[in-house]
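Engineer: with the sequence up front, the predicted model follows.
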Amino acid sequence: MKQISRTNTALLLIFLVVVWGVNWPLSKMALNYTPPILFAGTRTILGGLILLIFALPRYKKLRFKKTWHFYLISASLNIILFYGLQTVGLGFAPAGLFSAIVFIEPVLLGVFCWIWLGESMYGLKIIGLILGFAGVAIISAGGFTGNVSAIGIILALGSALSWGLGTVFIKKTGDRVDSIWMVTLQLIMGGIFLLSVGSSVESWSNIQWELPFIINLLFISIFVIAFGWLAFFTLVGSGEASKVGSFTFLIPLIAIHCSSFMLHEKITLNLLVGLLFILISILFVNIKLKSQTIPDSNL
């Protein structure tokens, strides 16, 4: 297992948290220029093709005939559902609020790992799970009053659910497939599916290929998806998976701050209180399992 210095570890973690955080308002801005499903498919397949450059030298570890179904299931959960619901959902809700709800995923992950991976369930973890769901309820309260789109809330929860299930699936199959090939093929396979669906229900002519959109698309494809995943696997490969998991809570904070600055989204009391509950819940769920923390499989 290749070790990296503390400085490089810190730099990679900062890079991940920043690009995965700013991804939310950038994705929201991109929807002004493109239909959502075509955008989801384009950015994921571009990211996958970039990662393919790094995966090809490891072709002996692919074993596609024996492992193709793992890639297909992972692509369905982590790309088609996660990115698909996320991109469509951003059209119905503010990016900051949407990201805060999606980041109930580490809490859902605690439940899934208890059910399917046999991880322990103890008092502090149970309190954390309750706080997490309470946080989402507080944030989502606006959906019942008409202040926030109920559809946006449902899509955010669906995105979090698929992300959590995808993470557990990758954890269970991690010893059967190569990690770089897993993320590369799930991006390519998921991207092809999303582009196929998008092409049938949306129109390519509705994409405005203006400079702001092109820069946005390239930034997300290259830095958020491709380089983000390379940094992620560098950290995991050096034994820093637990740190990736513990820094997850910073991502919605950055997303909300950037959305407020870039999109002029309002930061409501419900959002702040609900987010605080979720952050505390993530810490409670992970605090005693730091050595066993499962890193999130998507953003």
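Structural biologist: Cool, the structure landed.
Engineer: low-confidence stretches in the stretch 51-200 of the chain?
Structural biologist: Low-confidence segments of the stretch 51-200 of the chain, defined by pLDDT under 70: 142-147.
Engineer: just the helices in it please.
Structural biologist: For the stretch 51-200 of the chain, the helices defined by DSSP state H, counting those that start in this stretch occupy 64-75, 82-89, 95-102, 105-116, 123-140, 142-145, 150-173, 179-201.
Engineer: what's the most buried one of these?
Structural biologist: helix 95-102 (a mean of 28; mean count of other CB atoms under 10 Å). Placement of C-beta: from N, CA and C, glycine included.
Engineer: elements contacting that helix?
Structural biologist: helix 6-30, helix 82-89, helix 123-140, helix 150-173, helix 250-263, helix 269-286 (3 or more CB pairs under 8 Å, 6 or more residues apart in numbering; DSSP states H and E).
Engineer: wait, which of these is closest to Leu195?
Structural biologist: Closest to Leu195 of the helices and strands packed on helix 95-102, according to CB to CB: helix 82-89, at 11.2 Å.
Engineer: what pLDDT does Asp296 get?
Structural biologist: Asp296 is assigned 53 on the pLDDT scale.
Engineer: what does Phe15 give?
Structural biologist: For Phe15, the model assigns a pLDDT of 94.
Engineer: mind listing what it touches?
Structural biologist: By CB atoms under 8 Å, 6 or more residues apart in numbering, the contact set of Phe15 is 227-228, 231.
Engineer: quick one on the thing from earlier: can you redo the helices and strands packed on helix 95-102 as TSV with distance to Phe223?
Structural biologist: Shown next, in TSV, are those (distance: least, CB to CB, whole Å):
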stretch	distance to Phe223
helix 6-30	5
helix 82-89	16
helix 123-140	28
helix 150-173	20
helix 250-263	14
helix 269-286	24
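Engineer: so which of these is nearest Ile37?
Structural biologist: Closest among these, using CB to CB: helix 82-89, at 6.6 Å.
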